[in-house]
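Chemist: any chance you could fold what I've pasted below:
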Amino acid sequence: MSRTLLVTDDSMIIRELVKDVARRDGWEIVGEAADGQQAVEQFQRLRPDGVTLDLVMPRFDGLHALKGIKALDQAAKVLVVSAIDQSDVLREAVKLGAADFVVKPFEDHRLQKALDLLASPS
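Modeler: From the prediction side, this is the model:
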């Protein structure tokens, strides 16, 4: 069974790294977004099984995107992948419904473990 993923990060290099790990873990990449607004729009259009989401992005940050995605689908599975390692921001992301958090730079196995969690039944 294919698992579909939307990858969101303002850095193309990070998007490529996330996509490589996700593909090796059996995910089909159905979309990419470079900011939070694009993430919400892509989520609404594609309805992927999972979303990776950076927190610090131009125009529309990750917390706003997380709110927008959860407003569209409360059951949406979102994995925050960000360089921000501040407990208050992490708590807010979890409070808003993030499934897990991976700090950049990440090791492949840590991202894979978080993607596996994202794929597990709620």
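Chemist: could you give the bridge partners of the residue nearest the centre of the chain?
Modeler: Geometric centre of the chain, nearest residue: Thr52, 1.3 Å, by C-alpha atoms, centre = their mean. In this entry, Thr52 is beta-bridged to Val7, Leu79, by DSSP bridges.
Chemist: what's the local residue count around Asp10?
Modeler: For Asp10, the neighbour count with other C-beta atoms under 10 Å is 18. To be clear about C-beta, it is placed using only N, CA and C from the backbone, and glycine gets the same treatment.
Chemist: and for it, nearest residue in space, chain neighbours not counted?
Modeler: Take Asp10 and drop its neighbours on the chain: the residue closest to it by C-beta to C-beta, 6 or more residues apart in numbering is Met57, 4.4 Å away.
Chemist: secondary structure element holding the one you found?
Modeler: Secondary structure from DSSP states H and E places Met57 outside every helix and strand.
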